[in-house]
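Engineer: would you be able to build a 3D model of this:
(chains A and B)
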Amino acid sequence: AQSVSQHNHHVILSEAASLELGCNYSYGGTVNLFWYVQYPGQHLQLLLKYFSGDPLVKGIKGFEAEFIKSKFSFNLRKPSVQWSDTAEYFCAVNARSGYALNFGKGTSLLVTP
Amino acid sequence: NAGVTQTPKFQVLKTGQSMTLQCAQDMNHNSMYWYRQDPGMGLRLIYYSASEGTTDKGEVPNGYNVSRLNKREFSLRLESAAPSQTSVYFCASSEGGALEKLFFGSGTQLSVL
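Structural biologist: Model (predicted):
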């Protein structure tokens, strides 16, 4: 079955720490990959996306993600987190043969001052 | 530019009651989606409409019906609400399919007692 797995459900970091959130998917064909973010009290917003080309994708607010095809992974990274990065982060995958966007269960990130 | 507008923002129902969640987008997008968000489950696709006049089931369609009234509007109906349908419901739209960026509404928090 197709699925999206996010390894960390809750992450707590201090400001200036580095961040890496894992995302793995199980799809047989070509995929499009996304990271969405949901700040407290707000709706989901696109953080970054990968369709093709350079597997290292840069998004908003200093985030980046690397697509590693051999590992079926699309991990999200940020060198130095800020308190304002406190949010829930969702990895999502679209199999190019369909319209559905399948989300992982999310990772709740808390950044402490 | 309002984007994706959902009504109502909050609703409390008794088991067995029916209601319709409304969603409208003003971006001339072709595709629209209904997701539910539950703690620890991430977002799950209920139904989607790839284009005006078409609707398809997503991951969790049971207990729901949808209507793509026109290109702007995509409603979600609960015919006989159950406590298991207590959730936050998000409507989203995109220009093409999920290949493109999803724009989300602010959500409807539904409680079924």
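Engineer: tell me the secondary structure at residue 54.
Structural biologist: Reading this off chain A. On the three-state scheme (DSSP: H, G, I helix; E, B strand; the rest coil), residue A:54 is labelled coil.
Engineer: was after chain B, sorry
Structural biologist: Three-state secondary structure (criterion: three-state DSSP) places residue B:54 in coil.
Engineer: just checking, it touches residue B:66?
Structural biologist: No: under the criterion of C-beta atoms under 8 Å, residue B:54 makes no contact with residue B:66, lying 10.6 Å away. Just so you know, the C-beta spots here come from the backbone N, C-alpha and C atoms, and that holds for glycine as well.
Engineer: neighbour count for the two, which is higher?
Structural biologist: residue B:66 (24 against 12; other C-beta atoms under 10 Å in any protein chain shown).
Engineer: is chain A contacted by the helix or strand containing that one?
Structural biologist: Secondary-structure element containing residue B:66, defined by DSSP states H and E: strand B:64-68. No: Strand B:64-68 stays out of contact with chain A when judged by C-beta under 8 Å from any C-beta of the partner chain, the minimum separation being 13.1 Å.
Engineer: residues from chain A in reach of chain B?
Structural biologist: Residues of chain A that fall close to chain B, judged by C-beta under 8 Å from any C-beta: A:6, A:9, A:32, A:36, A:42-46, A:49, A:51, A:90, A:92, A:94, A:96, A:98-106.
Engineer: excluding its backbone neighbours, what's nearest residue A:4?
Structural biologist: Nearest residue to residue A:4 in three dimensions, chain neighbours excluded: residue A:104, at 4.1 Å (C-beta to C-beta, 6 or more residues apart in numbering or on different chains).
Engineer: what pairs with the residue most central in space within chain B across the strands?
Structural biologist: Computing the C-alpha centroid of chain B and ranking residues by C-alpha atoms, centre = their mean puts residue B:34 first, at 2.9 Å. Residue B:34 forms beta bridges with residue B:47, residue B:91, as assigned by DSSP bridges.
Engineer: from chain A, how far out is it?
Structural biologist: 12 Å (C-beta to the nearest C-beta, to the nearest Å).
Engineer: check what pLDDT that residue gets.
Structural biologist: If you check residue B:34, the pLDDT there is 96.
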